[in-house]
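*Asks:* below: sequence and its predicted model.
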Amino acid sequence: MTRVFSGIQPSGEMHLGNYLGAVRRWVGEQGAADAVYCVVDLHAMTVAYDPATLAERTRRTAALLLAAGLDPSRCTLFVQSHVREHTELTWYLNCVATYGELRRMTQFKEKGQGQESVSAGLLDYPVLMAADILAYDTDEVPIGDDQRQHLELARDVAVRFNHRFGDTLVVPRGTFPGVAARVMDLQNPTAKMSKSSESPQGTLLLLDPPAVLTKKIRSAVTDSGSTVRYAPEEQPGVSNLLEILGAATGRSVGDWEAELDGRRYGDLKDATAEAVVELLAPLQERYATLAADPGEVDRILAAGAAKAESVAAGVLGRVRDALGLLPKVTG
Ligand code: AMP
Ligand code: TRP
């Protein structure tokens, strides 16, 4: 069976772009593949963060993934710091990756820019990510376009490792969503919907109450003109709503264009708001149940970590042998 691995940062919040662009694919891949999903709390430590809220954000992120439809009986869901093999493999791979290739990473340059002090962890971020992937003999990594360069590095490091120490690591492939999976900001439809948006009104959070979702969609920026037409270049606002409406209802954009032909922008907004509220209602209900029982989420994560560890421990055994380390004799 194909092994799929992906990771998500423990922000504790998710927006509709995360759901339609990433998490919904994760949900769909369970069952069809041996799917392993990880909340990457160690990656969150590479920039300044608040230690008082990290644990709660990690648990909330896991609860959101479960509410979105990840099923612990059909996939492995765990927290990165619970499986020590990730940090161990990072060290080994650190001795294979080069300073030059890490320094060239776009995300490192962007996140490091203008900072008074940049942690070695930020430079090493892609090696930790490579370790996440390579510790599970991963075949496929569903990932956003912004992570393409990091995945290439993971592949390069795996190939180099195998070349130097003998065939040990599986070289993974990235799988990328189509352009259509990009959800744009409602207030600024030429920019991606994102947590760090300047206008919180432009971002639909998965846990926004129905009235808030509806209000945000009703105040979405539309375009001059009045026809409901899919034309991302000339009518980015209307086109974004049509895409959200299509994705939320499982119908094509063309279908909705035909249905709303001759109608007003207000009708498009009403239909979109209704569809998004309906899409998220079951997720919000499941989240409320999980939030009321944090012990249950922690138990699911503990079982996930145990499953993950049993796979990673096997791979690490092979890696240590290949590297020529003296085996520790037990007993
Ligand atoms: P981030 O929260 O930016 O780290 O993204 C987590 C995942 O959600 C990544 O796989 C992204 O590609 C995806 N994602 C983030 N924002 C959007 C968006 N506006 N539209 C579609 N996918 C997105
Ligand atoms: N760096 C990824 C992001 O910010 C998250 C991530 C960490 C990841 N480790 C991973 C994604 C391994 C895929 C595979 O989106």
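*Replies:* Structure received. As the structure is a computational prediction, the values presented were derived from the model and not from experiment. Ligands and ions are numbered 1, 2, ... in the order given.
*Asks:* which pLDDT value goes with the residue sitting furthest away from the middle of the chain?
*Replies:* Distance from the centre of the chain peaks at G331, with 41.9 Å (C-alpha atoms, centre = their mean). At G331, the predicted lDDT confidence score is 81.
*Asks:* state the distance from it to ligand 1.
*Replies:* Distance of G331 to ligand 1, given as C-beta to the nearest ligand atom, to the nearest Å: 44 Å. In short, each C-beta sits where N, CA and C put it, glycine included.
*Asks:* now do G246
*Replies:* 14 Å.
*Asks:* so that residue touches W256, yeah?
*Replies:* Yes: counting by C-beta atoms under 8 Å, W256 is a contact partner of G246 at 5.7 Å.
*Asks:* what sits in contact with each of these two?
*Replies:* Common neighbours of G246 and W256, counting by C-beta atoms under 8 Å, 6 or more residues apart in numbering, are absent.
*Asks:* what's the local residue count around S81?
*Replies:* A total of 20 residues lie near S81 under the criterion other C-beta atoms under 10 Å.
*Asks:* quick one: pLDDT of it?
*Replies:* For S81, the model assigns a pLDDT of 98.
*Asks:* now it, nearest residue through space, not along the chain?
*Replies:* D41 (5.0 Å; C-beta to C-beta, 6 or more residues apart in numbering).
*Asks:* can you give me the neighbour number for that neighbour?
*Replies:* Neighbours of D41 (other C-beta under 10 Å): 20.
*Asks:* and V157, by the same measure?
*Replies:* By other C-beta under 10 Å, neighbour count at V157 equals 24.
*Asks:* mind listing what's buried along the helix or strand it falls within?
*Replies:* Taking DSSP states H and E as the definition, V157 sits inside helix 148-165. Going by neighbour count (16 or more other C-beta atoms under 10 Å), the buried part of helix 148-165 is 150-151, 153-158, 160-161, 165.
*Asks:* as TSV, those residues with distance to ligand 2 would be great.
*Replies:* Shown next, in TSV, are the buried residues of helix 148-165 (distance: C-beta to the nearest ligand atom, whole Å):
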residue	distance to ligand 2
H150	6
L151	7
L153	11
A154	8
R155	12
D156	15
V157	13
A158	13
R160	19
F161	17
F165	22
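*Asks:* farthest-apart pair in these, please.
*Replies:* H150 and F165 (22.1 Å; C-beta to C-beta).
*Asks:* so who does K216 touch?
*Replies:* Going by C-beta under 8 Å, 6+ apart, K216 touches 186, 201-204, 208.
*Asks:* let me redo that: D223
*Replies:* Per C-beta under 8 Å, 6+ apart, neighbours of D223: 234-238.
*Asks:* give me phi/psi at the residue nearest to the spatial centre of the chain?
*Replies:* A centroid search over the chain (C-alpha atoms, centre = their mean) returns I8, at 4.0 Å, as the residue closest to the centre. Here is the backbone geometry of I8 (degrees, to the nearest 10): phi -140, psi 140.
*Asks:* make residue 1 into 852 and carry on from there
*Replies:* Sure, I'll start numbering at 852, so the last one becomes I859.
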